[in-house]
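**Q** What would the 3D arrangement of this be:
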Amino acid sequence: MVTVNQQSDDLAEKAQKIDAYFAKNNFPLAGQGQKLASAAEKNDLPWTLVASIAVIESTAGREACPNDKNNVFGWNSCHGPKFDSIDDAINTVAETISGNRDATSKYYEGKKLSDILETYNGRANPLYVKKVMWVMDQIEQQPIASNASDTKA
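**A** Now for the predicted structure:
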């Protein structure tokens, strides 16, 4: 049985991997790992997915939509209402692609990962699915510094 502390530690490690990958690449969203991993897991998505979409869509914030700097996901092709914050953007995208938003659930609900990505932007970019999945893999493999307590005998 997985305890709450184990779940918390697991999420913290995932967030650290996202942040380490973002920091290594000098991406503006470094430090948002916890929010990105939490939003993905809350919506039953792979923990690397939302972060990876941000990397492909805007170089994780470096090239956010010109009319909305909080839109790091290329949401709505950079048209439409602006996001109130990065948190708002993260949560909206995670809820949408998981099929958990009433207005868009018919497009995403019950789809496998490649179909979710195809729907999100794969029709416009034939390499989109492969690119996002490659970044997901890179984040998963990202080493993180171990805690000092891990090295004590």
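**Q** tell me the SS of Gly61?
**A** The three-state assignment at Gly61 reads coil, by DSSP: H, G, I helix; E, B strand; the rest coil.
**Q** Next, count neighbours for it.
**A** Using other C-beta atoms under 10 Å, Gly61 has 22 other residues around it. All C-beta atoms are positioned from the backbone trio N, CA, C, and that covers glycine.
**Q** Ok, the one 4 residues further on next?
**A** As a burial measure, the neighbour count of Cys65 was computed by other C-beta under 10 Å and equals 22.
**Q** from memory it sits against Gly74, does it?
**A** Yes - the criterion here is C-beta atoms under 8 Å, and Cys65 meets it with Gly74 at 7.0 Å.
**Q** list the contacts for the spatially most central residue of the chain?
**A** Averaging the C-alpha coordinates of the chain gives a centre point, and the residue nearest to it by C-alpha atoms, centre = their mean is Val50 (1.7 Å). When contacts are counted by C-beta atoms under 8 Å, 6 or more residues apart in numbering, Val50 touches 36-37, 39-40, 90, 93-94, 97.
**Q** Mind doing that once more with 6 Å?
**A** 36, 39-40, 94 (C-beta atoms under 6 Å, 6 or more residues apart in numbering).
**Q** most surrounded residue in those residues?
**A** Of all the contacts of Val50, the highest neighbour tally under other C-beta under 10 Å goes to Leu36, namely 29 neighbours.
**Q** export whichever strand or helix holds Ile56 as PDB, just CAs?
**A** Here Ile56, judged by DSSP states H and E, is contained in helix 49-58. Written as PDB, here are the backbone C-alpha positions of helix 49-58 (Å, rounded to 0.1, in the frame of the first residue of the first chain):
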ATOM      1  CA  LEU A  49       2.900  15.500 -20.500                       C
ATOM      2  CA  VAL A  50       1.900  19.000 -19.600                       C
ATOM      3  CA  ALA A  51       5.500  20.100 -19.100                       C
ATOM      4  CA  SER A  52       6.500  18.500 -22.400                       C
ATOM      5  CA  ILE A  53       3.700  20.300 -24.300                       C
ATOM      6  CA  ALA A  54       5.000  23.600 -22.900                       C
ATOM      7  CA  VAL A  55       8.500  22.700 -24.200                       C
ATOM      8  CA  ILE A  56       7.300  22.000 -27.700                       C
ATOM      9  CA  GLU A  57       4.800  24.800 -27.900                       C
ATOM     10  CA  SER A  58       6.800  27.700 -26.400                       C
END
